[in-house]
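In: just coords:
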């Protein structure tokens, strides 16, 4: 069997740990490279050491060396690091699974442009359940178009650096699509003081941070006399890791193009 050769970026982080577990448990995948920042004390150690495995893959900060001969890079890091990895993937003709969030509109255009050369799965949330939720939110907003106010509420651990979360924004985009709008034209990200009555047709966001919450997202559609709440709660990063590994396999037959988890799950 020919295995898909995987490189993991941010391999010593929480998502990196979950991805390693997933690769080691999947007979269709092979760990090919392990990347971390140059200042990491884990540089030079075997990537499987924490699992009691000797993989022969050393943790490195040398992007070009890690990508040489690889099939797919999986990346849940920061926007500035991801853009570096993206350029290296283009140069090495390596496919890229991007779970990083917090990109600007301009940075997203850079990802779009790179997809003309390499195959990319770019999704703010790799969870199968969240991907289904995105579809449900779009359908709910389309059906409950008149007289229902939409709010997106999300909570994450205290270490998350961007807000609202990429998943919350994607859910907002899905709701806006259901309403036949662009999110940028109807989003409300902050309320303070005397704000006046809620403007009809807007989509509000609330952000909570604390503890070790992996990721909770709720979309509320509130009408007169009733409300509909669509919720997803992640209790383990393994769900994101499994989705990312599924995305890596999906890219196997692709040479270029930009895809998301709805493509991976055939939900389009």
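Out: Looks like it came in fine. A quick note: this is a predicted structure, and the numbers were derived from the prediction, not measured.

In: how about the helices in the stretch 101-250 of the chain?
Out: For the stretch 101-250 of the chain, the helices defined by DSSP state H, counting those that start in this stretch cover 105-114, 128-143, 166-179, 238-250.

In: let's have those helices in CSV, adding mean pLDDT, distance to residue 226 and mean neighbour count.
Out: Where C-beta positions appear, they are placed from N, C-alpha and C, glycine not excepted. Formatted as CSV, the helices of the stretch 101-250 of the chain follow (pLDDT from 0 to 100; distance: least, Cβ to Cβ, whole Å; neighbours: other Cβ atoms under 10 Å):
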stretch, mean pLDDT, distance to residue 226, mean neighbour count
helix 105-114, 97, 36, 13
helix 128-143, 95, 13, 18
helix 166-179, 96, 17, 23
helix 238-250, 94, 30, 23
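
In: those helices: which one's closest to residue 261?
Out: Closest to residue 261 of the helices of the stretch 101-250 of the chain is helix 128-143 (Cβ to Cβ; 4.2 Å).

In: quick one: list the elements packing against that closest one.
Out: Here helix 128-143 touches helix 166-179, strand 215-222, strand 227-234, helix 238-250, helix 261-264, going by 3 or more Cβ pairs under 8 Å, 6 or more residues apart in numbering; DSSP states H and E.

In: tell me who's in contact with residue 241.
Out: 15, 18, 19, 21, 22, 126 (Cβ atoms under 8 Å, 6 or more residues apart in numbering).

In: which SSE is the spatially closest residue to it that is not a sequence neighbour in?
Out: Spatial nearest neighbour of residue 241, excluding adjacent residues (Cβ to Cβ, 6 or more residues apart in numbering): residue 18 at 3.9 Å. Per DSSP states H and E, residue 18 falls inside helix 14-25.

In: for that helix, packing partners?
Out: strand 4-8, strand 29-35, helix 238-250.

In: quick one: closest of these to residue 224.
Out: Closest to residue 224 of those, according to Cβ to Cβ: helix 238-250, at 35.7 Å.

In: could you dump the helices and strands packed on helix 14-25 to CSV with distance to residue 103?
Out: Below are the helices and strands packed on helix 14-25 laid out as CSV (distance: least, Cβ to Cβ, whole Å):
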stretch, distance to residue 103
strand 4-8, 20
strand 29-35, 19
helix 238-250, 17
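
In: right, and the ones you listed - which one's nearest residue 73?
Out: For residue 73, the closest of the helices and strands packed on helix 14-25 is strand 4-8, at 4.6 Å, according to Cβ to Cβ.

In: so how far is the closest one from its chain's centroid?
Out: 17 Å (Cα atoms, centre = their mean, to the nearest Å).

In: for residue 91, give me its contacts.
Out: Applying Cβ under 8 Å, 6+ apart, the residues contacting residue 91 are residue 64.

In: sticking with it, tell me its helix or strand.
Out: Per DSSP H and E: helix 79-92 holds residue 91.

In: so that helix versus helix 105-114, what angle?
Out: 10 degrees (axes from the mean of the first three to the mean of the last three Cα atoms, to 10 degrees).

In: how long is stretch 208-217 end to end?
Out: Start to finish, the residues bounding stretch 208-217 are 10 Å apart (Cα to Cα, to the nearest Å).

In: distance between it and the chain's centre?
Out: Relative to its chain's centre, stretch 208-217 lies at 15 Å (Cα atoms, centre = their mean).

In: and for stretch 61-78?
Out: Taking mean C-alpha positions (Cα atoms, centre = their mean), stretch 61-78 and its chain are 17 Å apart.

In: swap in stretch 259-268?
Out: The chain centre lies 13 Å from the centre of stretch 259-268; the measure is Cα atoms, centre = their mean.
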